[in-house]
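In: Model the structure of this input:
(chains A and B)
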Amino acid sequence: MPNIVLFSGSSNHDLSQKVAERLGLDLGKVVTKKFSNQETCVEIGESVRGEDVYIVQSGCGEVNDNLMELLIMINACKIASALRVTPVIPCFPYARQDKKDKVSRAPISAKLVANMLSVAGADHIITMDLHASQIQGFFDIAVDNLYAEPAVLQWIKGNIPEWKNCIIVSPDAGGAKRVTSIADHLNVEFALIHKERKNSEVESMALVGDVKNRIAILLDDLADTCDIVCLAANKLISAGAIKVYAILTHGIFSGPAISRINSSPFEAVVVTNTIPQEDKMKLCPKIQVIDISMILAEAIRRTHNGESVSYLFRHVPM
Amino acid sequence: MSFSSAWVPKKPLPEYQEADTNNHPDMNITKGGLVIFSANSNPSCMELAKRIAERLGVELGKVQVYQEANRETRVQIQESVRGKDVFIIQTVSKDVNTIIMELLIMVYACRTSCARSIIGVVPYFPYSKQCKMRKRGSIVSKLLASMMCKAGEYRQHRSFLWNMPCLSTSLTHLITMDLHQKEIQGFFNIPVDNLRASPFLLQYIQEEIPDYRNAVIVAKSPASAKRAQSFAERLRLGIAVIHGEAQDAESDLVDGRHSPPMVKNIGAIHPSLEIPLLIPKEKPPITVVGDVGGRIAIIVDDIIDDVDTFLAAADTLKERGAYKIYVMATHGILSSDAPRLIEESAIDEVVVTNTIPHEIQKLQCPKIKTVDISMILSEAIRRIHNGESMSYLFRNIGVDD
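Out: Have a look, this model is predicted:
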């Protein structure tokens, strides 16, 4: 009977530690280092022969380095005769380059990453809140796209006192489906903001829905430069919202994001710990973190035992 | 266009003279055309590509390769590649993983934009030292080879009825130079051309080292003895081999390179690895097999990266009576502290080719000289595009080179 062996890449050691604690295991011994010419070297420190291996690595920080490290680790486990290798990728890298834009020579890098993971030897993928759920179709192997939604609902109910009087807002038209799903669960209304282009240059943001005297909760899947999200917050305050919260699954916060958030009217910006947030929290007191390690731990446990994972789409495990 | 200083031979090598007179200024553009891209985002890495393009008489293709704010790579090709032979030149420098991603994304972009064939020109193939199974490691060269060949899905149609371009695989051909181990060619499903830099290095020896006939070719460890012998054979010189007891740079258990890298990049190394770097090694008893007394010693190797072994070899050779010491290597990675160590050592000159950009290292250490090898790469590109034989480029190569 194979055991679970959990390895951590170097991108999000904290999250892997929490997942291991919840599973009641120790993290597997692995040495990941770089040589003097910047090449990555991975050495697995314990036997994985015939075991069920899970590798936790997020596509954040130095994305290319972390991706290469993940691929090398998968390959190392595969040729060390692991029974099954499952990368757990909370934040999928290159997820936004998933279609050809107007310039038809754009590469679909998400498909390339899917191919690379398959070639390296992955048998199964566990990820969370993919930017577009169609990315599941890029793989020929099974992909579990978990949702942070139950954890977000739990946070809203626990931390926003007047949540029954709130309104969920989507910062762009594309996120409307995500927002309506949460609004239905909470039994509140929703609104959305969409960009109006005049003369294909000047964009103004138009609010569809009424936010007067309500608490507005902006919901999106990732926050990178936080451009749109901060403009949306300003718009909501000027339209009469009392407070504005932002809840985002993946908090990348690159470039001028932190300074934008510090100068914005947000009450709090809430992200999950798919991407490590300690240093950003020091720079910006508005950032709060939802822990999703229990969702990942439960998914790993259920996958290993062959049980159904659909419980996790509705509930947050204890 | 002004390039950085690189040594170019005064008279071209005999095997290339015939090729030079046949050099067509316009590159058979009617026959489907060719496009040369450089998939590097770093301008210093693009120099080799510019040299090659100049030799071939074409302009480098317009492409934008850059890293976004969240460190993801983005590639935007700005001219048509439909039905053309695309050559993607990629030089490896510090950020190896980013360079690999840039190359793969570029190859994939060309494939989905209906290029006729995609040929990768990667003079220094990265991760070539991780080509063996070590304890529970990964054979990264094999992983890289699989990704290059299969990451675009292997599929090939042939349309015999019309003269339509075949919908080909991701990478159809690879040109590289002086692979660390020739067996890496077998990791690929596609044809791999392993060109040699040795004719250029030999010509450098013959033209720039005044009394080279009084030289001895030295192998700094028994592993590089074969290469030393092929050099010595062509120059009609003797060889010497250095053998130390604790030298297991190529052993199965230990990869002798330093780790972690001593770089000031923020975020490139794990914050947890704060160990002191250059732990002083004890000098094992080293023996030199062969006579170097009163001669010039020329150490030859394929890659010069961590220079500790070279320094130890140079010290030993100086003790045994060599009056001048040269180091010739194809790929000059020269990472971390190498330039300073070379400057302070007994080595007189380090000669590397321009497969890897090393301008910064040259500024720190004037002993480093560059040999330009863009001629052989441009000749290979020309021959592949015109469907001519490449055997000319392999003429004066020994069996063990």
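In: can you pull the pLDDT of residue 112?
Out: I'll assume chain A. A:Leu112 carries a pLDDT value of 89.
In: Can you look at chain B instead?
Out: B:Thr112 is assigned a pLDDT of 88 by the prediction.
In: Check A:Ala297 too.
Out: pLDDT, read off for A:Ala297, is 94.
In: Now do it: how many residues are near it, please.
Out: Neighbour count for A:Ala297, taken as other CB atoms under 10 Å in any protein chain shown: 21. For the C-beta atoms, the positions are set from N, CA and C on the backbone; glycine is no exception.
In: so how far is stretch B:81-91 from its chain's centroid?
Out: 19 Å (CA atoms, centre = their mean, to the nearest Å).
In: where do the strands sit along the stretch 1-150 of chain A?
Out: Ranges of strands in the stretch 1-150 of chain A, per DSSP state E, counting those that start in this stretch, are A:4-8, A:30-34, A:40-44, A:52-56, A:84-89, A:124-128, A:142-146.
In: Save those strands as TSV, and put in distance to chain B and mean neighbour count too.
Out: Output for these, formatted as TSV (distance: least, CB to the nearest CB, whole Å; neighbours: other CB atoms under 10 Å in any protein chain shown):
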stretch	distance to chain B	mean neighbour count
strand A:4-8	11	23
strand A:30-34	5	19
strand A:40-44	4	22
strand A:52-56	12	26
strand A:84-89	12	25
strand A:124-128	16	22
strand A:142-146	18	18
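In: Could you tell me which residues make contact with B:Ala53?
Out: B:Ile36, B:Glu59, B:Leu60 (CB atoms under 8 Å, 6 or more residues apart in numbering or on different chains).
In: Could I have the buried ones of these as ChimeraX selection syntax?
Out: In ChimeraX syntax, the buried subset of the contacts of B:Ala53 is picked out as below (16 or more other CB atoms under 10 Å in any protein chain shown):
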select /B:36,60
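In: If we check chain A, which of the contacts of B:Ala53 are in contact?
Out: The subset of these within reach of chain A, by CB under 8 Å from any CB of the partner chain, is empty.
In: okay, the contacts of B:Ala53 in CSV with secondary structure and pLDDT next?
Out: Output for the contacts of B:Ala53, formatted as CSV (DSSP: H, G, I helix; E, B strand; the rest coil; pLDDT from 0 to 100):
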residue, secondary structure, pLDDT
B:Ile36, strand, 93
B:Glu59, coil, 91
B:Leu60, strand, 92
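In: Could you dump the strands of the stretch 1-150 of chain A into TSV with distance to A:Gln154 added?
Out: Formatted as TSV, these follow (distance: least, CB to CB, whole Å):
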stretch	distance to A:Gln154
strand A:4-8	25
strand A:30-34	33
strand A:40-44	36
strand A:52-56	22
strand A:84-89	21
strand A:124-128	15
strand A:142-146	15
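In: if I read this right, A:Ser109 contacts B:Tyr108, doesn't it?
Out: Yes - taking contacts as CB atoms under 8 Å, A:Ser109 lies within contact range of B:Tyr108: 7.5 Å.
In: where does the stretch 51-200 of chain A have low pLDDT?
Out: Scanning the stretch 51-200 of chain A for pLDDT under 70 picks out A:101-104, A:196-200.
In: What's the separation between A:Met68 and B:Val140?
Out: Taking CB to CB, to the nearest Å as the measure, A:Met68 falls 9 Å from B:Val140.
In: higher neighbour count, these two?
Out: A:Met68 (27 against 23).
In: Can you name the residues that contact the nearest residue to that one once chain neighbours are set aside?
Out: Residue nearest to A:Met68 in three dimensions, not counting chain neighbours: B:Asn97, with 4.0 Å by CB to CB, 6 or more residues apart in numbering or on different chains. By CB under 8 Å, 6+ apart, the contact set of B:Asn97 is A:Gln38, A:Thr40, A:Glu62, A:Asn64, A:Asp65, A:Leu67, A:Met68, A:Glu69.
In: repeat that with 7 Å
Out: The neighbourhood of B:Asn97, defined by CB atoms under 7 Å, 6 or more residues apart in numbering or on different chains, consists of A:Thr40, A:Asn64, A:Asp65, A:Met68.
In: Let's see which of those end up in helices.
Out: The helices in this structure, assigned by DSSP state H, contain A:Asn64, A:Asp65, A:Met68 from the contacts of B:Asn97.
In: these two touch, right, the last one and A:Cys41?
Out: It refers to A:Met68. No - with contact defined as CB atoms under 7 Å, A:Met68 does not count as touching A:Cys41 (10.8 Å).
In: Let me see the domain layout of the chain.
Out: Unless you meant another one, I'm taking chain A. A:4-147+A:293-313, A:149-290 (automatic domain parsing).
In: Sorry, I should have been clearer: chain B.
Out: B:34-153+B:167-195, B:198-244+B:285-371 (the TED database).
In: give me the low-pLDDT residue ranges for the stretch 101-250 of chain B?
Out: Segments of the stretch 101-250 of chain B classed as low confidence (criterion: pLDDT under 70) are B:151-169, B:245-250.
In: can we see that at 50?
Out: Segments of the stretch 101-250 of chain B classed as low confidence (criterion: pLDDT under 50) are B:153-169, B:248-250.
In: what packs against the helix or strand where A:Asp221 lies?
Out: With elements taken from DSSP states H and E, the one containing A:Asp221 is strand A:215-223. Here strand A:215-223 is seen to pack against strand A:166-170, helix A:176-186, helix A:227-238, strand A:243-251 when contacts are counted using 3 or more CB pairs under 7 Å, 6 or more residues apart in numbering or on different chains; DSSP states H and E.
In: Mean neighbour count added to the ones you listed, as TSV?
Out: Converted to TSV, the helices and strands packed on strand A:215-223 look like this (neighbours: other CB atoms under 10 Å in any protein chain shown):
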stretch	mean neighbour count
strand A:166-170	26
helix A:176-186	16
helix A:227-238	20
strand A:243-251	25
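In: Skip the chain neighbours and tell me the closest residue to B:Ser5.
Out: Using CB to CB, 6+ apart and skipping residues adjacent in sequence, the residue nearest B:Ser5 is B:Thr370, 7.0 Å away.
In: burial count for that neighbour?
Out: B:Thr370 is flanked by 21 other residues according to other CB under 10 Å.
In: Output whichever strand or helix holds it as CSV, nothing but the C-alphas.
Out: Following DSSP H and E, one finds B:Thr370 within strand B:368-371. Output of strand B:368-371 as CSV, limited to C-alpha atoms (Å, rounded to 0.1, in the frame of the first residue of the first chain):
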residue,chain,number,x,y,z
ILE,B,368,40.5,36.6,-21.1
LYS,B,369,40.5,36.5,-24.9
THR,B,370,37.6,35.8,-27.2
VAL,B,371,37.5,33.8,-30.4
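In: I would like the residues contacting that strand, please.
Out: In this structure, residues lying in contact with strand B:368-371 by CB under 7 Å, 6+ apart are B:5-7, B:200-201, B:204, B:339, B:349-354, B:358, B:361-362.
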